[in-house]
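A.B. asks: Need a 3D model of the sequence below.
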Amino acid sequence: MHTVTHFFLSASPLLVYILVAVVLMLESSAIPIANNTLLLLTGALSAHGQLNIVLLFVAAVVGSIAGACLAYQIGLSNGPAFLARVARLLRLNEQKIGFAERWYQKSGARMIFISRMTPYVRPFACFPAGIFRMPFPTFFLASFSGSTIWCLALLALGWFVGDRYHQVLRLMQRYTLPSVLVVVVLLVLYILGSRLIKQRFHSQGEARGSEGRQEYVARGRRYSGFMR
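C.D. replies: As a prediction, this is how the structure comes out:
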């Protein structure tokens, strides 16, 4: 860690800004790089006047969005072939794939927004948006919002704690994975719960419609008998 800190202290600010943008771009396009360490460290250095936190923020957001858009485009271009392989592997029928695609187009923006602020999930969140053809403006807005909050929060935290950033980093390394697992479980429960509720209302609606049709037919028969 001291070697990394020394490198950033001796490097030119322009090189650091470029490095931040490149690392965030790679991380957002599914290359697992711990960007939280980088953002905390550079935020701490900006507190001492070594770097400009505004330029750091711009570089981080630009890199993050560029990587997210790249992942979206890769998913969009390779979506049909990828879905076909996954469907064969998991034995999914067209109905289940269609449900996933409709859900992602309708509610995927919330998942993109949350996942862009969730460690371990961030790098892989944008491929499904392209695979399931989420409208790009919706994807961009959700990804931009989540990425902005993530970058701003970590840079501001690094700036606030200063030289104590390594203590914060240790705490994050200890508690981040359990927290992410809880978030993922809650998200899965939400998706499954939403699907079950919709299926239940759909079944109840069909049952009521069937009862109404039967009652209508019965009334029609009674009316016909009366006319005779």
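A.B. asks: L154 against G43, yeah?
C.D. replies: Yes: at 6.5 Å, L154 counts as touching G43 under the criterion of CB atoms under 8 Å. (C-beta placed from N, C-alpha, C; glycine too.)
A.B. asks: does F139 count as helix, strand or coil?
C.D. replies: Classification of F139 using DSSP: H, G, I helix; E, B strand; the rest coil returns helix.
A.B. asks: Can you say which helix or strand has the spatially closest residue to it that is not a sequence neighbour in it?
C.D. replies: Excluding its sequence neighbours, the residue lying closest to F139 (CB to CB, 6 or more residues apart in numbering) is A129, at 4.7 Å. According to DSSP states H and E, A129 maps onto helix 126-131.
A.B. asks: buried stuff in that helix?
C.D. replies: Neighbour counts using 16 or more other CB atoms under 10 Å place C126, F127, P128, A129, G130, I131 of helix 126-131 among the buried residues.
A.B. asks: Not counting its own residues, what contacts that helix?
C.D. replies: Here helix 126-131 makes contact (CB atoms under 8 Å, 6 or more residues apart in numbering) with 28-30, 67-69, 71-79, 82-83, 104, 108, 112, 139, 143.
A.B. asks: Could you give me the ChimeraX selection string for whichever of the residues you listed are buried?
C.D. replies: Burial among the contacts of helix 126-131 is assessed by 16+ other CB under 10 Å; the matching ChimeraX selection reads:
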select :28,29,30,67,68,69,71,72,74,75,76,79,82,83,104,108,112,139,143
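A.B. asks: So which of the contacts of helix 126-131 are in helices?
C.D. replies: 28, 67-69, 71-79, 82-83, 104, 108, 112, 139, 143 (DSSP state H).
A.B. asks: Spatially, which two of the buried residues of helix 126-131 are the most separated?
C.D. replies: Largest separation among the buried residues of helix 126-131 by CB to CB: C126 and I131, giving 9.8 Å.
A.B. asks: which residues of the protein fall in helices?
C.D. replies: Counting by DSSP H, the helices of the chain are 2-10, 13-28, 35-47, 53-90, 94-115, 126-131, 136-161, 165-227.
A.B. asks: Mean pLDDT lowest where, among those helices?
C.D. replies: Of all the helices of the chain, the minimum mean pLDDT falls on helix 165-227 (a mean of 64).
A.B. asks: Would you mind measuring from the residue nearest to F139 to G75?
C.D. replies: Remark: distance between A129 and G75 (CB to CB, to the nearest Å) = 7 Å.
A.B. asks: And L19, by the same measure?
C.D. replies: Where G75 is concerned, L19 sits at a distance of 26 Å (CB to CB).
A.B. asks: thinking T148 is in contact with V61, fair?
C.D. replies: Yes: the criterion here is CB under 8 Å, and T148 meets it with V61 at 5.6 Å.
A.B. asks: which residues are common contacts for the two?
C.D. replies: Contacts common to T148 and V61, judged by CB under 8 Å, 6+ apart, are absent.
A.B. asks: of these two, who's got more company?
C.D. replies: V61 (20 against 17; other CB atoms under 10 Å).
A.B. asks: Would you enumerate the residues in contact with the more buried one?
C.D. replies: L24, F144, S147, T148, C151.
A.B. asks: Adding distance to A11, write the residues you listed out as JSON lines.
C.D. replies: Shown next, in JSON lines, are these (distance: CB to CB, whole Å):
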{"residue": "L24", "distance to A11": "17"}
{"residue": "F144", "distance to A11": "28"}
{"residue": "S147", "distance to A11": "24"}
{"residue": "T148", "distance to A11": "25"}
{"residue": "C151", "distance to A11": "20"}
